[in-house]
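1. test case, fold it:
(chains A and B)
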Amino acid sequence: MNKTGAQLLVEALLAENVSMIFAYPGGAVISIFDELYKMSNKIRLIKPRHEQGGTHAADGFARATGKVGVVLVTSGPGATNTVTGIATAYLDSVPMIVITGQVSTAMLGSDAFQEVDIIGMTAPITKANFMIEDITELMPLVRKAFHIARSNRPGPVLIDIPADIQTASIDSNLIDYPIDDPVPKRINHSPVLNTVIDEINKSRRPLILAGGGVNIANANELLNKFINCYRIPVVHTLQGHGLNPDNELYFGGIGMHGTCYGNYAVQKSDLILVFGVRFSDRITGNKMKFAPRAKIIQVDIDRAEIEKNIKVYAAINDDISNVIADLLNLPLPTADFQDWINELNRVRDGNQLSFSQCNQLKPQYLIQLANEIFDERTIVVSDVGQNQMWVAQHYRFRRPRTLLTSGGLGTMGYALPAGIGAKLGSPDKEVLVITGDGGFQMNIQELVTVKEYNINLKILILDNHYLGMVRQWQQLFFEKRYSATYMENPDFSSIAQAIGIAGMTLDSTDSARSMITQLKESREAMVLHAKIEPEENVLPMVAPGAAIDNQVKIL
Amino acid sequence: MENSEKKHSLSLFAKRDSRSLMKICGLLARRGYDIESLNFSHIRETGLAKPIIVINSDREAELVKSQLYKLIDTVHAVWLN
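-> Model (predicted):
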């Protein structure tokens, strides 16, 4: 039976169990949209107001559910608008498929209308990308793209499909279509696992450092079990949130805005077991002074991450879940680390996260309130900057995949569209978007998407009339020369109302609890515009290039 | 200042098209490896090319090897010498 490229593409997507696509139509993908129209009972199309919003939504969908997010856009500007979203997903290892239309093969290279070399542009920010130049390759390549996107260390994959491939037809019986993903081989790590146990027994101040890889590998439960069996204290990176913060062995986040006691633990430790961490500069500070006393044992599924940034004593290149499961099968170490745990508890007691209480509305207080009022299954999507760091410091994430944030690329404008994707992917969970006034305005058009699809999204805007993190740096390092960081902002609740979404304004501490409760209880989307203290800072802070225990605690 | 840069010779099997040449060179460029010489020749009737690249770097050669392997679908094998 003859089928067109567009039909084969939709079939291939259905074979991958795709039920939702974040898609923005255009001339070079019109045949695909026509096929999707006929399949609308099987694949739901969510149309953002801008392709960047579509990619962040697919990213939020993928991070919240662990499934692959799918984006479909047209050629040229449609394709270039996805670049920021693809890079965001790449840096945080998010599985995503981006399908772009392309001009017909006969016109390639002629600077045709809406022609752009998206393969060349996205090569550095995709796990793989390819143009489909022959209709017989279409289904196998889509299959392969999904496999690449979700296997090993996940990431975005882009497929560029010229318009004539979409309309060409072929006898579908002639297509050689692989059915099964190759099964990864189990690796025997016995020698190095024995080294790990020996080193734990020899150490006096061991520490576990958990990164985003733990969430991606769905290894939180195993890691918690490991922590409790071995009685080793744990700290984590921004993407490593989701362990049990009530555990007495939990010592918070580390890095530039990490807790004093978390950073202290790293700097004093003599053995750090690292799971799924890429040692970003925001975590290590000055690399020469990072964990100066520790032997580091690194576990990562990506071979290229091992020793990329930090020299390690030993490494295991495998899936974190497998490695922890293997470790749990070995005899427990005999060493006892209670003195070390007591020392860390004393440092914690003397250095709790705090903020000054005054008449002004404090963002940290709002986040603590939200943490109290929203239940622990709630997915919090933060934007980038001060709001992100306050969320990381003051919200207590008790479950995996409950903090979605652009950590690697630091993409302002991420929160609102990613929240849309998270809610559509997990309709049974509450989704709370916490954003700043700057980031909210970067993708503010997606509020209309929230309205169009009646997405029950709760949006808390922390408005300090500044691009706050840059302003904080200007205050600290540039003698308060606030160059271009002041923001003249609109009334966000009026904007929400004009779109048909409930909007409220919060400007006093007294009404904070009742308004955040209203935000939680609302059965429809709601925007809460909180006017917070303009010059509040994120503290503690490590200056760029300093050692991570050299923290600024007060200004 | 002492120059710690070393020459590494890489020999690869890669997909035979100009995109794969672009991806290999792009990766080396953005990771800060200076290309000293490059040969990209096709192997007949295999769909493969055999790039031979000499790079300058003060970093361990193993690191570039593991980065090159991340070009899934482009690079199939890497030898260092």
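2. pLDDT weak spots in chain A?
-> Counting by pLDDT under 70, chain A contains low-confidence residues at A:179.
3. for chain B, what's its nearest residue on it.
-> Across chain A, no residue is closer to chain B than A:Ala304, which sits at 4.0 Å (C-beta to the nearest C-beta). Every residue, glycine included, has its C-beta placed from N, CA and C.
4. need the three-state assignment for the residue in chain B that chain A sits nearest to.
-> Closest contact between chain B and chain A, by C-beta to the nearest C-beta, is at B:Ser66 (4.0 Å). Classification of B:Ser66 using DSSP: H, G, I helix; E, B strand; the rest coil returns helix.
5. chain B contacts on chain A?
-> Within chain A, the positions near chain B by C-beta under 8 Å from any C-beta of the partner chain are A:119-120, A:123-124, A:127-128, A:130, A:144, A:148, A:302-304, A:306-308.
6. take those and keep only those in strands.
-> Within the residues of chain A next to chain B, membership in strands is found for A:128, A:130, as judged by DSSP state E.
7. can you tell me which of the residues of chain A next to chain B is closest to A:Asp491?
-> Among the residues of chain A next to chain B, A:Pro124 lies closest to A:Asp491 (C-beta to C-beta), at 40.6 Å.
8. tell me who's in contact with the nearest residue to A:Lys295 once chain neighbours are set aside.
-> Nearest residue to A:Lys295, sequence neighbours excluded (C-beta to C-beta, 6 or more residues apart in numbering or on different chains): A:Tyr313, at 3.9 Å. If you count contacts by C-beta atoms under 8 Å, 6 or more residues apart in numbering or on different chains, A:Tyr313 has them with A:199, A:295-297.
9. which pair of those residues spans the longest distance?
-> Maximum distance among those (C-beta to C-beta): 10.3 Å, for A:Glu199 and A:Ile296.
10. more neighbours: which of the two?
-> A:Ile296 (22 against 18; other C-beta atoms under 10 Å in any protein chain shown).
11. for that one, which non-adjacent residue is closest in space?
-> Distances taken as C-beta to C-beta, 6+ apart put A:Val312 closest to A:Ile296, at 4.5 Å, once the chain neighbours are dropped.
12. can you tell me the helix or strand for that neighbour?
-> Here A:Val312, judged by DSSP states H and E, is contained in no helix and no strand.
13. pretty sure A:Ile125 contacts A:Asp92?
-> No - the criterion here is C-beta atoms under 8 Å, and A:Ile125 misses it with A:Asp92 at 11.6 Å.
14. get me the contact residues on chain B for chain A.
-> Residues of chain B lying near chain A (C-beta under 8 Å from any C-beta): B:19, B:22-23, B:26-27, B:30, B:60, B:63, B:66-67, B:69-74.
15. which two among those residues are spaced furthest apart?
-> Most distant of those, by C-beta to C-beta, are B:Arg19 and B:Glu60, 27.8 Å apart.
16. the more surrounded of the two?
-> Set B:Arg19 next to B:Glu60 and count neighbours by other C-beta under 10 Å: B:Arg19 wins out with 17 against 13.
17. checking the more buried one next. Helix, strand or coil?
-> B:Arg19 is classified as helix under three-state DSSP.
18. retrieve the pLDDT associated with it.
-> Each residue has a pLDDT score; the one for B:Arg19 is 92.
19. mind listing what it touches?
-> B:Arg19 is in contact with A:119, B:74, counting by C-beta under 8 Å, 6+ apart.
20. can you tell me how far it sits from A:Ile97?
-> Distance of B:Arg19 to A:Ile97, computed by C-beta to C-beta, to the nearest Å: 19 Å.
21. strands of chain B, start to end?
-> For chain B, the strands defined by DSSP E occupy B:6-15, B:34-43, B:48-57, B:75-80.
22. for the stretch 201-350 of chain A, same thing?
-> A:206-210, A:234-236, A:250-253, A:271-275, A:295-299, A:314-316 (DSSP state E, counting those that start in this stretch).
23. which of these sits closest to A:Leu409?
-> strand A:250-253 (18.7 Å).
24. mind listing residues that contact that closest one?
-> Against strand A:250-253 from outside (C-beta under 8 Å, 6+ apart): A:233-238, A:240-241, A:243-245, A:258-259, A:261-262, A:265, A:344, A:348, A:392-393.
25. alpha carbons of that strand, as PDB, please.
-> Output of strand A:250-253 as PDB, limited to C-alpha atoms (Å, rounded to 0.1, in the frame of the first residue of the first chain):
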ATOM      1  CA  TYR A 250      20.700  15.400  54.300                       C
ATOM      2  CA  PHE A 251      22.900  18.600  54.100                       C
ATOM      3  CA  GLY A 252      21.300  20.500  51.300                       C
ATOM      4  CA  GLY A 253      22.500  21.900  48.000                       C
END
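26. neighbouring strands of it in the sheet, and parallel or not?
-> Note on strand A:250-253: by DSSP bridges, its sheet partners are strand A:234-236 (parallel).
27. list the contacts for residue 78?
-> Just going to use chain A. By C-beta under 8 Å, 6+ apart, the contact list for A:Gly78 reads A:24, A:26, A:28-29, A:51, A:100-101, A:114.
28. not quite, go with chain B.
-> Counting by C-beta under 8 Å, 6+ apart, B:Val78 touches B:10-12, B:65, B:68-69.
29. give me the buried entries from these.
-> B:10, B:12, B:65, B:68-69 (16 or more other C-beta atoms under 10 Å in any protein chain shown).
30. ok, back up a step: could I get the phi/psi values of the residue nearest to A:Ile296?
-> When read as degrees, to the nearest 10, the backbone of A:Val312 gives phi -120, psi 160.
31. verify the stated contact: it with A:Glu305.
-> No - with contact defined as C-beta under 8 Å, A:Val312 does not count as touching A:Glu305 (10.3 Å).
32. what about the two, which has more around it?
-> The residue with more neighbours, out of A:Val312 and A:Glu305, is A:Glu305; 23 against 18, by other C-beta under 10 Å.
33. state the number of residues packed around the residue nearest to that one when sequence neighbours are not counted.
-> Leaving out its chain neighbours, the residue that sits closest to A:Glu305 by C-beta to C-beta, 6+ apart is A:Arg278, at 5.2 Å. Per other C-beta under 10 Å, the neighbour tally for A:Arg278 reads 24.
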